[in-house]
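A.B. asks: Got a sequence here, can you build the structure:
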Amino acid sequence: MFRGLYTATSGMMSQNRQQQVLTNNLSNANTPGFKKDDSAIRSFPEQLIKAMNTNQPAPIGTLSTGVYLQEAIPSFLQGPLLETGHSTDFALVDDNLPDDPDGQRGSLLFAVENADGDVRYTRNGQFTVDAQGFLATSFGQRVLGENLQPVQVEDSGFTVQENGQITRQDGTDGGKLWIGATADPAQLVKEGHNLLNWAGAEADAPALAADEGNYIKQGFIEQSNVDLTRTMTDMMMAYRGFESNQKVIQAYDRSMEKAVNEIGRV
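C.D. replies: Predicted coordinates for the structure are as follows:
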């Protein structure tokens with residue numbers, strides 16, 4: 001009798017977790033370069049039910065024992081581009097990447113240096129120039145060049161070609177932005193501050209994209225790939241699923257109350 005309580009409770013827990021994922025997507029709908037998370041809900045192994053009060057037990061069917069939200073998977077679909085006109089804003093264009101032999105298209109990435117001196121990746125190209133003239137993120141992480149050293153542009157009067165080549169305002173060479181590519185962006189793990197860490201094999205880590213590619217647009221930012229209408233619809237569905245499981249538990253509660261207070265008197 002209590003098995004249904006556990007099943008309904010697991011449903012409520014998974015819908016609550018999905019609501020958290022959707023809420024995080026919604027709150028980052030205006031974050032440049034943000035990639036939404038898609039949640040994967042799976043069922044626990046089913047149990048085979050058999051009729052036991054017979055000479056030869058006969059299978060009746062299967063019974064689900066509940067569900068769980070296994071993981072939140074980032075979607076690396078290209079977000080829409082917004083023209084800002086700011087020289088420190090950059091957008092990466094995945095459409096210019098060649099397709100892999102299996103027909104899959106990877107993802108382009110900027111490289112930055114975190115507070116511990118480690119390399120992290122990001123799609124957020126809304127940069128700024130810090131007090132020392134280095135190109136940096138809004139959180140202070142310095143943007144790296146193709147030699148994986150911080151890029152010094154001196155001021156905001158610089159220009160960047162579509163392949164990442166930098167020319168400072170005085171005409172001097174400012175180096176080249178590190179523009180990496182990976183064929184398997186699913187191996188990237190979110191760390192906060194819109195940074196990504198590579199969780200796959202080191203040999204498969206993002207590497208410099210081909211020189212001849214036109215991968216970057218200066219004066220543009222890539223917007224979040226969150227679909228507001230779809231997200232709000234999914235949130236309503238998650239709420240209804242939570243509510244339905246809640247009503248199942250309430251029905252079990254009423255049945256147990258009747259069993260204790262009425263049937264127990266006989």
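
A.B. asks: so how many other residues sit close to Tyr6?
C.D. replies: The tally of other residues near Tyr6 (other CB atoms under 10 Å) stands at 12. For every residue, glycine as well, the C-beta is placed using N, CA and C.

A.B. asks: could you pull out the helices for the stretch 1-150 of the chain?
C.D. replies: Ranges of helices in the stretch 1-150 of the chain, per DSSP state H, counting those that start in this stretch, are 3-27.

A.B. asks: Okay, now the unreliable bits of it?
C.D. replies: 1-2, 47-58, 60-61, 63, 98-105 (pLDDT under 70).

A.B. asks: Please repeat the previous calculation with a cut-off of 80.
C.D. replies: Counting by pLDDT under 80, the stretch 1-150 of the chain contains low-confidence ranges at 1-4, 43-65, 68, 70, 96-105.

A.B. asks: Got the domain ranges for this structure?
C.D. replies: Following automatic domain parsing, the chain resolves into domains at 3-75+226-265, 88-222.

A.B. asks: Now distance to Leu82 too, for these, in CSV please.
C.D. replies: Conversion of the domains of the chain to CSV gives the following (distance: least, CB to CB, whole Å):
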stretch, distance to Leu82
domain 3-75+226-265, 8
domain 88-222, 5
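
A.B. asks: Excluding sequence neighbours, find me the nearest residue to Gly200.
C.D. replies: Residue nearest to Gly200 in three dimensions, not counting chain neighbours: Gln187, with 3.3 Å by CB to CB, 6 or more residues apart in numbering.

A.B. asks: tally of neighbours for the one you found?
C.D. replies: Neighbours of Gln187 using other CB under 10 Å come to 16.

A.B. asks: Return the per-residue confidence for it.
C.D. replies: At Gln187, the model reports a pLDDT of 91.

A.B. asks: which residues does it contact?
C.D. replies: 198-200, 204 (CB atoms under 8 Å, 6 or more residues apart in numbering).

A.B. asks: quick one: which two of these are the most distant?
C.D. replies: For the contacts of Gln187, the farthest-apart pair by CB to CB is Ala199 and Asp204; their separation is 10.5 Å.

A.B. asks: a helix runs through Val189, doesn't it?
C.D. replies: No. Counting by DSSP: H, G, I helix; E, B strand; the rest coil, Val189 is not found in a helix; it is strand.

A.B. asks: Identify the bridge partners of it.
C.D. replies: Beta-bridge partners recorded for Val189 (DSSP bridges): Asn197.

A.B. asks: check contacts around it.
C.D. replies: Contacts of Val189 (CB under 8 Å, 6+ apart): 196-199.

A.B. asks: what's the most buried one of the domains of the chain?
C.D. replies: Greatest average neighbour count among the domains of the chain goes to domain 88-222 (a mean of 17), per mean count of other CB atoms under 10 Å.

A.B. asks: Quick one: end-to-end length of that domain, please.
C.D. replies: End-to-end distance of domain 88-222: 13 Å, with CA to CA, to the nearest Å as the criterion.

A.B. asks: Spatially nearest residue to the spatially most central residue of the chain, not counting backbone neighbours?
C.D. replies: With distances taken as CA atoms, centre = their mean, the residue of the chain nearest its centroid is Pro74 (2.7 Å). Of all residues not flanking Pro74 in the chain, Lys35 sits nearest, at 4.6 Å (CB to CB, 6+ apart).

A.B. asks: and stretch 158-173, average pLDDT?
C.D. replies: 93.

A.B. asks: repeat for stretch 221-237
C.D. replies: Stretch 221-237 comes out at a mean pLDDT of 95.

A.B. asks: And the strands in the stretch 151-266 of the chain?
C.D. replies: Assigned by DSSP state E, counting those that start in this stretch, the stretch 151-266 of the chain shows strands spanning 159-160, 165-167, 173-176, 179-182, 188-192, 195-198, 207-208, 216-218, 220-222.
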